[in-house]
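Participant: From the sequence below, what's the structure:
(one chain, ligands or ions: 1)
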Amino acid sequence: MSDLGDGTRCVHAGLPEPAPGDPFLPGPVLAAPYHLDPWKGPAGSPNGYGRPDNPTRRLLEAAVGELEGGDCRVFASGQAAITGMLLTLLRPGDTVVLPTDGYFPVRAFATDVLEAIGVRVLFVPTVGPYPSLEGVRLVLVETPANPGLDVVDVAALAERAHAAGALLAVDNTTATPLGQRPLDLGADLVVASGTKALTGHSDLLLGYVASRSAELVEAVTVWRTTTGSVPGAFDAWLAHRSLGTLDLRLARQSANAAAVVDLLAGRSDVAGLRWPGRPEDPAYAVASAQMRRMPGVLSFDLGDADRANRFIEAARLVVAATSFGGLHTTADRRAQWGDDTAPGFVRLSCGVEDSADLVADIAAALDAAAPA
Ligand SMILES: *Cc1c(COP(=O)(O)O)cnc(C)c1O
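Facilitator: Take a look at the predicted model:
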């Protein structure tokens, strides 16, 4: 399938071979225990118990693994996948490098849990400079980072990490596997939240870890089975169903982001505009070399909380919500969650509405929320 286009791969990813009378994507297998062969026991079937074994989940893993170019294990959420990877790989005395400007619950987990069990945590901005990686066990980067949208050169960092004996993991949530394939760029592991653009319907939580190392995938699988952070079969099925339109959704979201960025760049009442697809953006050079398409997410600063809130309230097509990558355009004033951002900082996630409608609505909302 690797020679086919994104749309073709998304539509077919992980589906069973066609068989007359069967559905394209089999419905969710809702099972805790399965029937066992009393003589052969667990060896007699691929399915013994729902925590390690579920055929709906395996089809989704085949699909995401194919898009990422590695073996995939799905988790109950992005946080379950990321914390699961960190706890699988890190032991007391190890050093891990994490982004200062990435998803803030990961930073909170590092200081609350990892440091408490004796893991040394080094926080580094996504754009660097990265310190010597000698003695480091794992580097986790987020590129583009959420919510600031800085990017890092994954291939260059993979080379540095490997030269120092460290592993490199990339959080691919914002880009999705159609936006970039970190394993192709040299990363050892991909982690991501499938809650965002990957599934894109704002109706489920999902996470995954992917790798080409059988040893790393096995270790992550053992972690998941013993801790039990698996997604339910129905959510796994919904996620797989949503993957078929990933290419279409991303294309519209990205085109909408480009149109909104054009509008915002021309306005003197909008500051701090960030989108890696904009040639003036500090992330553009690396992003355009390493990414295959640009995300639907952008960010900007409206100066203060009051104006940001008035903007969101005035817009008809931009709804206030956290998360991103969904069908509906959403705006999130990140500071309200305790994220380390300015009070007027807004992360805007473009949905799949018509570009002209969205641009007109955002322009009108900015006018309505103009500074006094
Ligand atoms: C949302 C997000 C997560 C966490 O994912 P959940 O599915 O909400 O647990 C991790 N990393 C990034 C970059 C995210 O945006």
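
Participant: Contact residues of the stretch 1-150 of the chain facing the ligand?
Facilitator: S77, G78, Q79, I82, Y103, E142, N146 (C-beta under 6 Å from any ligand atom). Bear in mind the C-beta positions are built from the backbone N, C-alpha and C, glycine included.

Participant: out of those, which are inside strands?
Facilitator: E142 (DSSP state E).

Participant: okay if I get the residues of the stretch 1-150 of the chain next to the ligand as JSON lines plus neighbour count and pLDDT?
Facilitator: Listed next are those as JSON lines, based on neighbours: other C-beta atoms under 10 Å; pLDDT from 0 to 100:
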{"residue": "S77", "neighbour count": "18", "pLDDT": "98"}
{"residue": "G78", "neighbour count": "24", "pLDDT": "98"}
{"residue": "Q79", "neighbour count": "19", "pLDDT": "98"}
{"residue": "I82", "neighbour count": "26", "pLDDT": "98"}
{"residue": "Y103", "neighbour count": "22", "pLDDT": "95"}
{"residue": "E142", "neighbour count": "28", "pLDDT": "98"}
{"residue": "N146", "neighbour count": "25", "pLDDT": "93"}
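
Participant: can you map out the helices along the stretch 201-350 of the chain?
Facilitator: Using DSSP state H, counting those that start in this stretch, the helices assigned to the stretch 201-350 of the chain run over residues 214-227, 233-243, 246-265, 284-290, 305-314.

Participant: Need these in CSV (columns: mean neighbour count, mean pLDDT and distance to E61).
Facilitator: Output for the helices of the stretch 201-350 of the chain, formatted as CSV (neighbours: other C-beta atoms under 10 Å; pLDDT from 0 to 100; distance: least, C-beta to C-beta, whole Å):
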stretch, mean neighbour count, mean pLDDT, distance to E61
helix 214-227, 16, 98, 10
helix 233-243, 22, 98, 9
helix 246-265, 20, 98, 16
helix 284-290, 17, 98, 25
helix 305-314, 19, 97, 37
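
Participant: for the residue in the chain that the ligand sits nearest to, what are its contacts?
Facilitator: Nearest residue of the chain to the ligand (C-beta to the nearest ligand atom) works out as G78 at 2.2 Å. Contact analysis of G78 by C-beta atoms under 8 Å, 6 or more residues apart in numbering lists Y103, T173, V191, A192, S193, G194, T195, K196, L205, L206, G207.

Participant: Go again with 7 Å.
Facilitator: Applying C-beta atoms under 7 Å, 6 or more residues apart in numbering to G78 gives the contacts T173, A192, S193, G194, T195, G207.

Participant: ditto for V74
Facilitator: Taking C-beta under 7 Å, 6+ apart as the criterion, V74 is in contact with R57, L60, E61, V64, L206, G207, Y208, P231, A236.

Participant: Which one of the residues of the stretch 1-150 of the chain next to the ligand is nearest to A369?
Facilitator: N146 (24.2 Å; C-beta to C-beta).

Participant: from what I can see the closest one touches T174, true?
Facilitator: Yes. Using C-beta atoms under 7 Å, N146 is in contact with T174, at 5.6 Å.

Participant: Stretch 338-355: which residues count as buried?
Facilitator: Buried residues in stretch 338-355, counting neighbours by 16 or more other C-beta atoms under 10 Å, are found at 339, 341-353, 355.

Participant: most remote residue from the protein's center?
Facilitator: W39 (43.5 Å; C-alpha atoms, centre = their mean).

Participant: coming back round to it: output the contacts of G78 in CSV; the columns should cover neighbour count and distance to the ligand.
Facilitator: Listed next are these as CSV, based on neighbours: other C-beta atoms under 10 Å; distance: C-beta to the nearest ligand atom, whole Å:
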residue, neighbour count, distance to the ligand
T173, 29, 4
A192, 30, 7
S193, 28, 3
G194, 29, 7
T195, 24, 4
G207, 26, 5
